[in-house]
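> Sequence first, predicted coordinates after that:
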Amino acid sequence: MTTLAGTGPLLRFALRRDRVLIPVWVAVNSLMVLSMPNTLESLYGTPADRADLLRQLETNASLRALIGPVFDDSIGALTAWRVGVYAGALAAVTSLLIVVRHTRDEEESGRQELLASGMVGRRASLTAALLAAGVANAVLALLVTAGLAGQGAAGAVAFGLGLAGVGMVFATAAAVLAQLTESARLARGLTAAVLGAAFVLRAAGDSSTDAGSSALTWLSPLGWLENLRAFADERWWVLSLFAAAAVAQGVLAYGLAGRRDVGMSFLPTRPGPPTGRLGTASALARRLQRGAVLGWSVGFFLAGLVYGGLTEGAADLVADNDRAREIFERMGGRSDLTDAFLASMIGMLGLIAALFIVSSVLRLHGEETSGRAEPVLANAVGRLRWAAGHLLTAFGGATLIMLLAGLGFAAGYGEEILPIMGACLVQLPAIWLVGGLAVLLYGTAPRLAPAAWGVAAAWGVAGAILLIGWIGPALDAPQAVLDLSPFGHLPKLPGGGMRWAPVLVLSAAAAALVATGLAALRRRDMTT
């Protein structure tokens, strides 16, 4: 039997399991990219407007650090500049989730051991996971290429391949880390940390030069994407960097996979102290999720610090552009431009915080399906008490990261500390509502459909809300569409007036959803 036997069936099974996750993430990413040309055309419709934008960016190091340098004034080049870094990061996140889900997650749950007992090769699961990530990235590349072809065929192909290249670099990085670590959570966290380091390296390099030529930029795959220069005299040879990195990491992952037993790792889990503080289900939940909460907390503080420091420069950049002002006003309210920018950026972090709360709530599903919840519930611990520990971490963690984002904004901007903190906290009812929907879907899905559908639906809701909030204002979406997101009902702070009615209604709705989900969890059978 070869080491790749069974790869085909495993790939089909992986794609079937991800038939919701992959389309949602790819759709969000491709729509984010494809919505940008029309937006930029309305913002910078004349060559003079675009030339003026380039001159301003040459002297604005903060915006280069946030978005990257721009190499040409065509709409295609501006599209690659405006969304390239973030589309590449989203492709990387999608890829690492797919690979870890079908490698280390399978081993933790015990399913990989069952598969390995049959006619399945030693490296078949890893191959299927990488191929599933390859399918997702190939679809993304095709959609982006087809959608941007009108801006220039060569540039569209380069940009699509660049996004797929970033995705595969981080897919293979996740494959390596899945072999090194014993925990799927740690593998995801370490790969995300690598992605964060890549963003920081690119930002530091781009802030020092306006041509993407810094050595720090070239150390980052996100820097390779911008230096591919799609729609601006493409550097096709840069694609070889993606290929070389993906192949090298893939070879390393295959070598490691052939040298370890199923369920084992090269970096053993560190044993805990002989006497610990895990006497309660809540303490165990906090211990299990503390790494994720810490990582999100640091990320939100740094994001607030960066966005706060950009506030004045970004406001000046769009001050003379009526269309840009209109978009910021739709996102952040019809107030002073600086306040509108702050409100829109805080709103964006609120949308991202919704992803955190969904991930944290669905840790209950992971504990249940992996069998780790069973020994806890076998003791004098009821289901509600067990779930409450994870939900307190999820909802309390969301509060913490928004508080730290507010501190970061206040430190970066240097003014209006209390209004900024209030603007961050007012996002919480909408974030909690998304978390409440995740609790409801987790608690009720096994009674209505397979549990995996509840998980997929929770992520689908979060992705749809992110899509509405991110792209809707730029596309002039009708207010009825924007109102489908709970974030569309929040007061636009700072700058706008405080309205307590939607805050209280959303908070009450979130509490009702959590209560309904917990009631369903208490009555249904647990996964065996």
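Right, received. Where do you want to start?

> And the helices in the stretch 401-528 of the chain?
For the stretch 401-528 of the chain, the helices defined by DSSP state H, counting those that start in this stretch cover 417-425, 428-448, 451-471, 479-482, 500-523.

> Now render the ones you listed as TSV, adding mean pLDDT, distance to Ala48 and mean neighbour count.
The C-beta positions use only the backbone N, C-alpha and C, and glycine is treated the same way. Output for the helices of the stretch 401-528 of the chain, formatted as TSV (pLDDT from 0 to 100; distance: least, Cβ to Cβ, whole Å; neighbours: other Cβ atoms under 10 Å):
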stretch	mean pLDDT	distance to Ala48	mean neighbour count
helix 417-425	87	35	20
helix 428-448	85	40	24
helix 451-471	74	27	20
helix 479-482	75	32	12
helix 500-523	91	42	16
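
> Look up how far Ala458 lies from Val20.
Separation of Val20 from Ala458 (Cβ to Cβ, to the nearest Å): 10 Å.

> related to what we said a few turns ago, among the helices of the stretch 401-528 of the chain, which comes closest to Val361?
helix 428-448 (4.2 Å; Cβ to Cβ).

> the inter-axis angle of the closest one versus helix 451-471?
Using axes from the mean of the first three to the mean of the last three Cα atoms, to 10 degrees, the inter-axis angle of helix 428-448 relative to helix 451-471 is 150 degrees.

> Could you name the helices and strands sitting against helix 428-448?
Helix 428-448 is packed against helix 337-361, helix 383-413, helix 451-471, helix 500-523, with contacts defined by 3 or more Cβ pairs under 8 Å, 6 or more residues apart in numbering; DSSP states H and E.

> hmm, try it at 6 Å
Contact partners of helix 428-448 among helices and strands, from 3 or more Cβ pairs under 6 Å, 6 or more residues apart in numbering; DSSP states H and E: helix 337-361, helix 451-471, helix 500-523.

> Count the neighbours of Gly196 for me.
15 (other Cβ atoms under 10 Å).

> Over to the one 10 residues further on?
Applying other Cβ under 10 Å, we find 28 other residues in the vicinity of Asp206.

> same thing with the one 5 residues further on?
The criterion is other Cβ under 10 Å. On that basis, Ala211 has 12 neighbouring residues.

> Figure out the helix or strand that it lives in.
Take DSSP states H and E as the rule and Ala211 turns out to sit in neither a helix nor a strand.

> Using TSV, lay out the helices of the stretch 401-528 of the chain together with distance to Ala387.
Listed next are these as TSV, based on distance: least, Cβ to Cβ, whole Å:
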stretch	distance to Ala387
helix 417-425	25
helix 428-448	8
helix 451-471	14
helix 479-482	33
helix 500-523	6
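
> mind checking which of those helices is nearest Thr209?
Checking these against Thr209 by Cβ to Cβ gives helix 451-471 as the closest, at 28.8 Å.

> Run the angle between the closest one and helix 500-523 for me.
170 degrees.

> quick one: Gly76 from Ala149, how far?
10 Å.

> Quick one, which of the helices of the stretch 401-528 of the chain gets closest to Arg12.
Proximity to Arg12 (Cβ to Cβ) singles out helix 451-471 among the helices of the stretch 401-528 of the chain, at 15.8 Å.

> any idea of the angle the closest one forms with helix 337-361?
170 degrees.

> outside of helix 451-471, which residues touch it?
20, 24, 28, 35, 351, 354-355, 358, 362, 365, 434, 437-438, 441-442, 445, 485, 487 (Cβ atoms under 6 Å, 6 or more residues apart in numbering).

> any idea which helix is longest in the protein?
Longest helix of the chain, by residue count under DSSP state H: helix 281-318.

> Could I get the average pLDDT for that one?
Mean pLDDT, computed over helix 281-318, is 78.

> Tell me the buried residues in that helix?
By 16 or more other Cβ atoms under 10 Å, the buried positions in helix 281-318 come out as 281-282, 284-286, 288-289, 292-293, 295-297, 299-311, 313-315, 317-318.

> what helices or strands is that helix leaning on?
Helices and strands touching helix 281-318, by 3+ Cβ pairs under 6 Å, 6+ apart, are helix 337-361, helix 383-413.

> Highest mean neighbour count out of the ones you listed?
Counting by mean count of other Cβ atoms under 10 Å, helix 337-361 has the highest mean neighbour count of the helices and strands packed on helix 281-318, with a mean of 24.

> Figure out how far that one is from the centre of its chain.
Taking Cα atoms, centre = their mean, to the nearest Å, the mean C-alpha location of helix 337-361 is offset from the chain mean by 12 Å.

> and the next element down the chain from that helix?
helix 363-369.

> neighbouring contacts of that next one?
109, 373, 387, 390, 442, 455, 527.

> cool, stretch 298-314 as well?
Counting by Cβ under 6 Å, 6+ apart, 60, 62, 338, 341-342, 345, 401, 404-405, 408-409, 411-413 sit against stretch 298-314.

> How about stretch 94-108?
By Cβ under 6 Å, 6+ apart, the residues outside stretch 94-108 that reach it are 14, 25, 112, 126, 129, 132-133, 136, 167, 170-171, 174-175, 178, 184, 187-188, 191, 262-263, 370.

> what about Ser125, distance to Gly134?
As judged by Cβ to Cβ, Ser125 and Gly134 stand 15 Å apart.

> quick one: which of these two has more around it?
Ser125 (26 against 18).

> Tell me which helix or strand comes right after whichever strand or helix holds that one.
Assigned by DSSP H and E, Ser125 belongs to helix 124-148. Once the chain leaves helix 124-148, the next helix or strand it forms, by DSSP H and E, is helix 153-180.

> follow-up on the earlier one: which of the contacts of helix 363-369 has the weakest pLDDT?
Across those, the member with the lowest pLDDT is Thr527, scoring 65.

> Thought Trp25 was touching Val139, still the case?
No - using Cβ atoms under 6 Å as the test, Val139 is too far from Trp25 to be in contact (10.3 Å).

> The two: who's more crowded?
Legend: neighbour count by other Cβ under 10 Å for Val139 and Trp25, higher for Trp25 (23 against 16).

> Give me the contact list for the helix or strand hosting the more buried one.
Element membership of Trp25 [criterion: DSSP H and E] is helix 21-34. Contacts to helix 21-34, defined as Cβ under 6 Å, 6+ apart, come from residues 83, 87, 90, 94, 136, 139-140, 143-144, 147, 460, 463, 467.

> what do you get for stretch 376-396?
Outside stretch 376-396, the residues within contact range by Cβ under 6 Å, 6+ apart are 281-282, 285-286, 289, 357, 360-361, 363-364, 435, 518, 521-522.

> how does it look with 7 Å?
Here stretch 376-396 makes contact (Cβ atoms under 7 Å, 6 or more residues apart in numbering) with 281-282, 284-286, 289, 293, 357, 360-361, 363-364, 373, 432, 435, 439, 514, 518, 521-522.

> same thing with stretch 198-207?
Applying Cβ under 7 Å, 6+ apart, the external contacts of stretch 198-207 come out as 61, 64-65, 68-69, 89, 212, 214-217, 219-223.

> And these, which of them are buried?
64-65, 68-69, 89, 212, 214, 216-217, 220-223.

> quick one: which of the residues you listed sit in helices?
Counting by DSSP H, the part of the buried ones among the contacts of stretch 198-207 found in helices is 64-65, 89, 216-217, 221-223.

> How many residues are close by Val83?
For Val83, the number of neighbouring residues by other Cβ under 10 Å comes to 23.

> For it, pull up the helix or strand it's in.
Using DSSP H and E, Val83 sits within helix 75-101.

> What's the first helix or strand after that helix?
Next element after helix 75-101 (DSSP H and E): helix 104-109.

> and that next one, how far out from the chain's middle?
22 Å.

> change the start of the numbering to 691 and stick with it
With 691 as the first residue, the last one maps to helix 794-799.

> measure the nearest residue to Leu1045 once chain neighbours are set aside to Pro1176 for me?
Nearest residue to Leu1045, sequence neighbours excluded (Cβ to Cβ, 6 or more residues apart in numbering): Ala1152, at 5.6 Å. Noted for Ala1152: a distance of 11 Å to Pro1176, by Cβ to Cβ.
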